[in-house]
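here is a sequence with its predicted model. Questions after.
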Protein chains: 2
Amino acid sequence: MNKKNLIIFLILLSVTFFSGCTGFTGNFSEKSGNIESIEDSGSGICGNDSEVLYQVSTIDALLQGVYDGVLPVAELETHGDFGIGTFDGLEGEMLALNGSYYQIKTDGIAYPVSGEMTTPFATVTYFEADESFRLEEPANLTELEAFLDLNLPSENLFYAVRVDGDFSYIKARSVPRQEKPYPKLADAVSTQSVFEFENISGTLVGFRTPEYVKGVNVPGYHLHFITEDRSAGGHVLDLEMESGDAALDITSAFFMELPASGDFYNVELGQDLQADMEKVEK
Amino acid sequence: MNKKNLIIFLILLSVTFFSGCTGFTGNFSEKSGNIESIEDSGSGICGNDSEVLYQVSTIDALLQGVYDGVLPVAELETHGDFGIGTFDGLEGEMLALNGSYYQIKTDGIAYPVSGEMTTPFATVTYFEADESFRLEEPANLTELEAFLDLNLPSENLFYAVRVDGDFSYIKARSVPRQEKPYPKLADAVSTQSVFEFENISGTLVGFRTPEYVKGVNVPGYHLHFITEDRSAGGHVLDLEMESGDAALDITSAFFMELPASGDFYNVELGQDLQADMEKVEK
């Protein structure tokens, strides 16, 4: 190989690696996805996150009052353009859609999020629809979830769920910033603000996780909502959908990064927090 | 930059990326570790796996009889040089130590493993000791685990556990290859072979996982054993240690890759399999 060819070879090689480490694609991966690399995370994982559900901390740690932000949004967004979570001090609901991250505060308004803001708990992925459905019949939340369940290839995988729809009614909430010593989540939500939307278009963003990850994430569906103009929303408590387009992103890999210090180290996580979960999610 | 410097720059750049994508290190990462990239996996994740516990499938799927190998060892070993698991058809106990993978069959002998062999369930990492202890007092399995528990920074993280010791007694087992239709694991182990070692030196290899991953991995300690000459071993059922050197690798990130087809899709995983786990592990 002469010098010129060597330079070209090395440039190509470097570009390949800069463009996302390897860009290997898997069984489910129809596209290469938006690939970024993590620069400061505790794991140093990098690569094609498009078929990986990435999670910070555990739902049980949040239920037990571990609210200190541990990961900057600037890092979180290298793992996904789509997802839900909360912010440092449990201040508001997080929603990420098409790469834009929003903080829905207790006034119901969706604020832009800066990269320096941190999260104590969030779940994100790069959304790529594997299955899409048009829903023409009205459905409440239970019916919508039952319809989606009928269309899952397996109850044992993870799914990112997106529904763009017209809703006659949506009941959503957001939680105010908590002060230390932090109360448990079941107590913190007693101070939540609840918003009711009528005849509104918008998008449901969230996940369905399998029953066996109880303690780690919320088994079943966990959905947040944002209006079509991306101005308002919240954690979904109830809804009536007129019609909509649902999409599922089948996700067979799960990556969880735990807090490397702080309250997480000493919080008690062994017990069954199902009763707390019921209070918090409904 | 002249041509010569450009070549040097590009060579350095290429080497950097070949040596593990980015080589970023995290909070716990004292060294960059042995880094490889995945070539055909469902996730396309690559990077510094040294602080990531990597797992194929779930323990509950194994308990329910999902024994078909889904990941070649050639790929598994890109995620770690240390770990435990089993093989296609539940044929023997897997143990990986210092980058060598072994299959301990029902004759108790540790056989070398080829890259084409596959696993239905395995947990591996790149082992880097974060804490080390010399144990001078004799200890049975319960006492050894209790001692290690006293030295954990938190019960809520994952740990790779290595103990090089002199043992007055070790009781270990291996399970024979199963035929379809596969029995549940609690039934399959009724055909296990049990080996007793006396006055033997060797290494315990395994993990301690937190209680909240019940259903996903084995909560608490899960250890396999291999003799000092790496000729024999098994899944540890009981032991009496004279003295030894224990090391813990604190692991705050967990990556789980689920089977993208096959029995895993339809197996029932929602229920509590604690009773089955007791039968299988003890």
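On my side now, so go ahead.

run through the residues that contact the closest residue to residue A:79 other than its chain neighbours.
In space, and not counting its chain neighbours, residue A:79 is closest to residue A:54: 3.7 Å by C-beta to C-beta, 6 or more residues apart in numbering or on different chains. The way it works is simple: take the backbone N, C-alpha and C, and place the C-beta from them, glycine included. For residue A:54, the contact set (C-beta atoms under 8 Å, 6 or more residues apart in numbering or on different chains) comprises A:76, A:79, A:80, A:123, A:124, A:125, A:255, A:256, A:257.

neighbours of the last one, how many?
Here the count is done by other C-beta atoms under 10 Å in any protein chain shown, and residue A:257 has 26 residues near it.

need the helices for the stretch 1-150 of chain A, in chain order.
Residue ranges of the helices in the stretch 1-150 of chain A, as given by DSSP state H, counting those that start in this stretch, are A:3-18, A:59-63, A:73-76, A:141-150.

and the last one, what does it pack onto?
Helices and strands in packing contact with helix A:141-150 are listed as strand A:131-135, strand A:220-227, strand A:233-251; criterion 3 or more C-beta pairs under 8 Å, 6 or more residues apart in numbering or on different chains; DSSP states H and E.

quick check: beta-bridge partners of the closest residue to residue A:222 other than its chain neighbours?
Among residues not flanking residue A:222 along the chain, residue A:206 sits closest, at 5.0 Å (C-beta to C-beta, 6+ apart). Counting by DSSP bridges, residue A:206 forms beta bridges with residue A:161, residue A:223.

now residue A:206: how far from residue B:134?
Per C-beta to C-beta, to the nearest Å, residue A:206 is found 50 Å from residue B:134.

which ones are touching the closest residue to residue A:113 other than its chain neighbours?
Spatial nearest neighbour of residue A:113, excluding adjacent residues (C-beta to C-beta, 6+ apart): residue A:101 at 4.0 Å. Going by C-beta under 8 Å, 6+ apart, residue A:101 touches A:73, A:76, A:77, A:94, A:95, A:112, A:113.

for residue A:101, give the beta-bridge partners.
Under the criterion used (DSSP bridges), residue A:101 bridges to residue A:96.

what is the burial count for residue A:181?
There are 7 residues near residue A:181, going by other C-beta under 10 Å.

can you check residue A:153 too?
Neighbours of residue A:153 under the rule other C-beta under 10 Å: 15.

among residue A:206 and residue B:134, which residue is more densely surrounded?
residue A:206 (23 against 8).

show the pLDDT at the nearest residue to residue A:248 once chain neighbours are set aside.
Spatial nearest neighbour of residue A:248, chain neighbours left out: residue A:131 (4.6 Å); criterion: C-beta to C-beta, 6+ apart. pLDDT for residue A:131: 96.

for residue A:131, which residues are in contact?
A:151, A:247, A:248, A:250.

most neighbours of all those, which one?
Most neighbours among those, by other C-beta under 10 Å: residue A:248, with 22 neighbours.

ok, residue A:109 touching residue A:230?
No - between residue A:109 and residue A:230 there is no contact under C-beta atoms under 8 Å: 10.5 Å.

quick revisit: need the max-distance pair from the contacts of residue A:101.
Between any two of the contacts of residue A:101, the greatest separation by C-beta to C-beta is 14.7 Å, found for A:76 and A:112.

neighbour count: these two, which is higher?
residue A:76 (27 against 10).

spatially central residue for chain A, please.
The residue lying closest to the centre of chain A (C-alpha atoms, centre = their mean) is residue A:83, at 2.5 Å.

out of everything not next to it in sequence, what's closest to that one?
residue A:124 (3.1 Å).

low-confidence regions, the stretch 1-150 of chain A specifically.
Along the stretch 1-150 of chain A, segments meeting pLDDT under 70 span A:1-50.

try it again with 90
For the stretch 1-150 of chain A, the stretches flagged by pLDDT under 90 are A:1-51.

could you give the number of residues near the residue nearest to residue A:250 when sequence neighbours are not counted?
Among residues not flanking residue A:250 along the chain, residue A:130 sits closest, at 4.4 Å (C-beta to C-beta, 6+ apart). Residue A:130 has 16 neighbours, counted by other C-beta under 10 Å.

state the pLDDT value of residue A:260.
On the pLDDT scale, residue A:260 gets 85.

what about it, is that helix, strand or coil?
coil (DSSP: H, G, I helix; E, B strand; the rest coil).

just to check, it is in contact with residue B:156?
No - using C-beta under 8 Å, residue A:260 is not in contact with residue B:156; the gap is 11.2 Å.

which of those two has more residues huddled nearby?
residue B:156 (24 against 21).

how's chain A carved up into domains?
Split into domains by automatic domain parsing, chain A comes to A:3-126+A:254-280, A:131-251.

now do the last one: distance from first to last residue.
With C-alpha to C-alpha, to the nearest Å as the measure, the ends of domain A:131-251 fall 12 Å from one another.

quick one: it to chain centroid distance?
Centre-to-centre, domain A:131-251 and its host chain are 11 Å apart (C-alpha atoms, centre = their mean, to the nearest Å).

close to chain B: what parts of the stretch 51-200 of chain A are there?
The stretch 51-200 of chain A comes close to chain B at residues A:51, A:52, A:58, A:60, A:61, A:153, A:154, A:155, A:156, A:157, A:158, as judged by C-beta under 8 Å from any C-beta of the partner chain.

what's the farthest-apart pair in those?
The span of these, defined through C-beta to C-beta, is set by A:61 and A:153 at 30.3 Å.
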